[in-house]
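>>> what follows is a predicted protein model with its sequence.
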Amino acid sequence: MRRTLLLFALLAAACGAGWRWSHPSDLRIGIDPRSREVALLFPAETKGLRTGEAVARALAEFTAAERRPALRERISRELARGEERFAIGFLPDRDAEIRGGSLEPSDGGRLIPGLARVQLRGVPHGYLLVHAAPAQGLLEAAGRRRWLGRALVEAGAQAETATIAVGESDDGAFLVATVAFAYRTGDEAEAALKRLTDRQGDFEALGFAARPGTDRITRQTKLLVIRLDIETDLVLQALGRR
């Protein structure tokens, strides 16, 4: 994708401050707890959106190359079924696990942090949530497919977890996503933000503008949240080549 797109690092009222004062409950779903990445998809929210199916099918990038075509077809079928939501769990060297319905675990299950659910509500027409613990697998896929610039991948390298929430603007012109990196300490989160702001204006690597006050909220929450607004036509063009 073009590196001249503007990426906005946001940890102000709508995202960071709202998270600080919120205490949402965690969500435990019936997916193998060994899954490194877990995706939650909301088919009803994709209706009428330009990016929904293409982005959902791109989740197959978390699996081995030989497994991707079959998984893309499974995802399309699940979207067509129109259930309220379904989950996908990704384990190394195995087929992805897909589960719909209530998603209540019969035993154990995989935990989705409550703040991730708030993150999803923070994007317009949010239809996809991906949580990765550890963050490494998500960063590898994002870097390999150039979904994130190299500066963002480097900033997330020290993070314990990564969460992506995806939606679409009201007029369908932009895919809207937030990427949240969670660190062990506020110092680590603030240092990651500083590395990004030091490269402000480097559109090849980053191309974002940080808002005043984000360093304080980053330290308090131990989270670094980056918002991306990407032209829908460019998203579809890029994903169409996969």
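Structure's in. What do you need?
>>> tell me which stretches of this protein form helices.
For the chain, the helices defined by DSSP state H cover 18-21, 43-46, 52-57, 68-81, 114-121, 136-144, 150-155, 186-197, 214-221, 232-239.
>>> ok, and the closest non-adjacent residue to the most centrally placed residue in the chain?
With distances taken as CA atoms, centre = their mean, the residue of the chain nearest its centroid is Ile164 (1.2 Å). Of all residues not flanking Ile164 in the chain, Val130 sits nearest, at 4.5 Å (CB to CB, 6 or more residues apart in numbering). Every C-beta, even on glycine, is put in place using the N, C-alpha and C of the backbone.
>>> counting neighbours, what do you get for the one you found?
23 (other CB atoms under 10 Å).
>>> so what's it bridging to?
According to DSSP bridges, the residues that bridge with Val130 are Ala39, Ile164.
>>> test my guess that it contacts Thr163.
Yes. Counting by CB atoms under 8 Å, Thr163 is a contact partner of Val130 at 6.9 Å.
>>> sorry, back to before: list the contacts of the residue nearest to Ile164.
37-40, 59, 138, 163-164, 166 (CB atoms under 8 Å, 6 or more residues apart in numbering).
>>> Ala159 now?
Shown in contact with Ala159 (CB under 8 Å, 6+ apart): 135, 181-183, 192, 224.
>>> closest to Gly143 out of these?
Gly143 lies nearest to Ala135 out of these, by CB to CB, at 11.6 Å.
>>> burial check on the residue nearest to the closest one when sequence neighbours are not counted, number of neighbours?
Nearest non-adjacent residue to Ala135, counting by CB to CB, 6+ apart: Ala162, 3.7 Å away. Using other CB under 10 Å, Ala162 has 24 neighbouring residues.
>>> how many other residues sit next to the residue nearest to Glu188 when sequence neighbours are not counted?
Distances taken as CB to CB, 6+ apart put Gln158 closest to Glu188, at 5.8 Å, once the chain neighbours are dropped. Around Gln158 there are 15 other residues, counting by other CB under 10 Å.
>>> need the pLDDT of Gln158.
Per-residue confidence at Gln158 stands at 89 (pLDDT).
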